[in-house]
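Undergrad: Sharing a model that was predicted from the sequence below.
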Amino acid sequence: MPVLVGGQRINILACHPTPPVFDGKEKRNLRRNADELRLLRDIVDGADYLSDDAGSNEPLEDAFIIIGDLNADNRYGDGDRDEIQKLLTHPRIHPSTSTGSLIPFSKHGSKMGKIVKGNRFATHESGLRLDYVLPSKELEPFASSVICTVDDLEHIKSCDSNMENMSCFGSDHRLVMVDVVLKSGDIR
């Protein structure tokens, strides 16, 4: 989805790939999640099997931001860690928010882990980093965070193992924010 900011175009790639769990021995959900992560890279690169409404399969030339619950953590969990790592280290993705000093986190995030303990980059109650805001290199990130409050932690403790109390909370995911500035002259 193209968005104009100050007359400059930023493409928003918003998505929610299949969770790589709730699977049978054939691992269809795991494979589908990996394919959907690969699709994001292919959209950015202009893979020859893709085309837009005008018939073009050119790479994205404008700035972009990939946002969403990607259902994959490059260090933990059941997802294809190689595929999420390839996306996080894609040459067009700004490294500060994907693998560097501005990876979003919350001081309470490491306390969320129902599955993974101590992951300060957790965006999900399991303790996994599943939710992302990944700006392209044409944008300059300067701040980031995951919104996880003490109240969130108290709610997580009160939920049973089947998460049946989740409906009163809204989501098992936390909000991820990345503040960016436009680099002058680089965005069309």
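TA: Ah, there it is.
Undergrad: could you list every residue that touches H94?
TA: L134, P135, S136, K137, L139, E140, P141 (C-beta atoms under 8 Å, 6 or more residues apart in numbering). In short, each C-beta sits where N, CA and C put it, glycine included.
Undergrad: now, among those residues, which is nearest to S56?
TA: S136 (18.4 Å; C-beta to C-beta).
Undergrad: measure that closest one to K183 for me?
TA: Separation of S136 from K183 (C-beta to C-beta, to the nearest Å): 10 Å.
Undergrad: out of these two, which sits in the more crowded spot?
TA: Comparing S136 with K183 by other C-beta atoms under 10 Å, the one with more neighbours is S136, at 22 against 13.
Undergrad: Looks like the more buried one contacts E61 (just checking).
TA: No: applying C-beta atoms under 8 Å, one finds S136 not in contact with E61, separated by 10.4 Å.
Undergrad: The spatially most central residue of the chain sits in which helix or strand?
TA: Closest to where the C-alpha atoms of the chain average out (C-alpha atoms, centre = their mean) is Y132, at 2.2 Å. If you go by DSSP states H and E, Y132 is part of strand 131-135.
Undergrad: after that strand comes which helix or strand?
TA: Sequence-wise, the next helix or strand downstream of strand 131-135 (DSSP H and E) is strand 139-147.
Undergrad: So which elements touch that next one?
TA: On a contact count with 3 or more C-beta pairs under 8 Å, 6 or more residues apart in numbering; DSSP states H and E, strand 139-147 meets helix 95-98, strand 131-135, strand 175-182.
Undergrad: which residues sit in contact with the residue nearest to the centre of the chain?
TA: Y132 makes contact with I66, I67, G68, L70, S98, T123, V176, according to C-beta under 8 Å, 6+ apart.
Undergrad: Least confident of the residues you listed?
TA: Scanning these for pLDDT, the low point is T123. It has 90.
Undergrad: how many other residues sit next to S106?
TA: S106, neighbours per other C-beta under 10 Å, totals 22.
Undergrad: Including distance to D52, neighbour count and secondary structure, could the contacts of Y132 go into CSV?
TA: Converted to CSV, those look like this (distance: C-beta to C-beta, whole Å; neighbours: other C-beta atoms under 10 Å; DSSP: H, G, I helix; E, B strand; the rest coil):
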residue, distance to D52, neighbour count, secondary structure
I66, 17, 25, strand
I67, 19, 18, strand
G68, 20, 18, strand
L70, 22, 25, coil
S98, 25, 22, helix
T123, 30, 28, coil
V176, 27, 25, strand
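Undergrad: ok, those vs F22, which is closest?
TA: Set against F22, the nearest of the contacts of Y132 by C-beta to C-beta is L70 (16.4 Å).
Undergrad: re earlier: which residues does the residue nearest to the centre of the chain form beta bridges with?
TA: On the basis of DSSP bridges, Y132 is bridged to G68.
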